[in-house]
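Colleague: One predicted model, sequence on top.
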Amino acid sequence: MPSPKAKAPARAGGSPVLGGANGRYEFLSLTKPLSRSSPPPPLLLQRQGSDPTTARLRVSESPTRRRGSGSSTGSASGQAPPEEDGLRLNPSFVRVALSSLLAIDLWMSKRLGVCACEDSSWGSVRPLMKLIEISGHGIPWLAGGVYCLYKSDSAAGQEVMLNLLMGLLLDLLLVGIVKASVRRRRPSHNRMDMFATFSVDRYSFPSGHATRAAMCGRFLLAHLVLAAPLRVLVLLWAALVGLSRVMLGRHNVTDVMFGFWMGYCQYNLVEMLWLSPQTLQGLLGYFA
Ligand SMILES: CC(C)=CCC/C(C)=C/COP(=O)(O)O
């Protein structure tokens, strides 16, 4: 079956929409009705098949209608009313806006990936960036958490460390689920030379380092680091971890920004699921 994209004819003098022949942008008129001979694209079909009341409401919101286009001929001839042509514009604008954002994201990420390899413009800083990368890796955090739990001689300390470990495992699980669902490829300028990765780590959205930095940063500030200068250092570290992901070429900017947001929310989840000593005793009793 031929693709609906391939059938959409190119038009001049209008607004850009996605889905033209060869996957390129096409320009559709904001005011002129579409040719009746060509079948509507999938988005339009979707709208036409929806509830007529909401469809009418959407028509009245459409740019065509707002501009007062008087080209409406009604549907007496069995043809779709021209106002409905406007329905295809809104989703198209959203798509164009999204693809523009994506293009900006890719462009910025490429420009900022200045340590992607040794002969990049900031290649000499790459070892430092890789050190920052290790500081946000899951293994040192898990190993450090287990060590501190083992060394902790107070019930309060053990409680905090157990919850940190629970948060770290939750983070690995959630990031793995999102990476496997979104499957965004890492930037083309990235060299895949990270140590100890899972198979989902070939995908880049979201940055696992960024989620960990945001979640652990919040955890440290809430439970472990009280002195003001150290609190500033924690924030600085989290920001550097995020920046180093883009500078090393591991991630696009949006991977890191989403990762920070996700890690921030994950900390709320850790607080919600907080394992109290009573819960822990109950759990231990249940498994013993
Ligand atoms: C093996 C363990 C315990 C964790 C893997 C940590 C890791 C390599 C995450 C990938 O991070 P980015 O998504 O920021 O590249």
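Modeller: Cool, got the structure. Worth saying up front: this structure is predicted, and the values here are computed from it rather than measured.
Colleague: how about the strands in the chain?
Modeller: Using DSSP state E, the strands of the chain run over 15-17, 26-28.
Colleague: check contacts around the residue of the stretch 51-200 of the chain found nearest the ligand.
Modeller: The shortest separation between the stretch 51-200 of the chain and the ligand is 2.9 Å, found at Gly138 (distances taken as Cβ to the nearest ligand atom). Heads up, the C-betas are built off the backbone N, CA and C, glycines and all. The contact partners of Gly138, by Cβ atoms under 8 Å, 6 or more residues apart in numbering, come to Leu168, Asp171, Leu172, Ala196, Gly208, Arg212.
Colleague: of all the residues you listed, which two lie farthest apart?
Modeller: Asp171 and Ala196 (15.1 Å; Cβ to Cβ).
Colleague: Neighbour count: the two, which is higher?
Modeller: Ranked by neighbour count (other Cβ atoms under 10 Å), Asp171 and Ala196 place Asp171 first, with 24 against 9.
Colleague: tell me the contacts of that one?
Modeller: Going by Cβ under 8 Å, 6+ apart, Asp171 touches Gly138, Gly208, Thr211, Arg212, Met215, Gly263, Gln266.
Colleague: thought Gly264 was touching Cys216?
Modeller: Heads up, residue 264 is Tyr, not Gly. No: between Tyr264 and Cys216 there is no contact, the gap being 11.2 Å when judged by Cβ atoms under 8 Å.
Colleague: can you redo the contacts of Asp171 as CSV with distance to Ser181 and pLDDT?
Modeller: As requested, the contacts of Asp171 are arranged in CSV below (distance: Cβ to Cβ, whole Å; pLDDT from 0 to 100):
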residue, distance to Ser181, pLDDT
Gly138, 19, 97
Gly208, 14, 98
Thr211, 15, 98
Arg212, 19, 98
Met215, 19, 98
Gly263, 17, 98
Gln266, 16, 98
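Colleague: From the ligand, how far out is Leu233?
Modeller: Using Cβ to the nearest ligand atom, to the nearest Å, Leu233 is found at 21 Å from the ligand.
Colleague: mind showing which ranges of this structure have poor pLDDT?
Modeller: Within the chain, the stretches with pLDDT under 70 are 1-89, 284, 287-288.
Colleague: at 90 instead, please
Modeller: 1-94, 153, 155, 192-195, 276-288 (pLDDT under 90).
Colleague: got the residues of the stretch 101-250 of the chain near the ligand?
Modeller: If contacts are counted using Cβ under 6 Å from any ligand atom, the residues of the stretch 101-250 of the chain sitting beside the ligand are 137-139, 142, 172, 194, 196-198, 201, 207-209, 245, 250.
Colleague: where's Pro187 relative to Val96, distance?
Modeller: The spacing between Pro187 and Val96, counted by Cβ to Cβ, to the nearest Å, is 23 Å.
Colleague: for Ala156, same thing?
Modeller: Looking at Ala156 against Val96, where the rule is Cβ to Cβ, the gap reads 54 Å.
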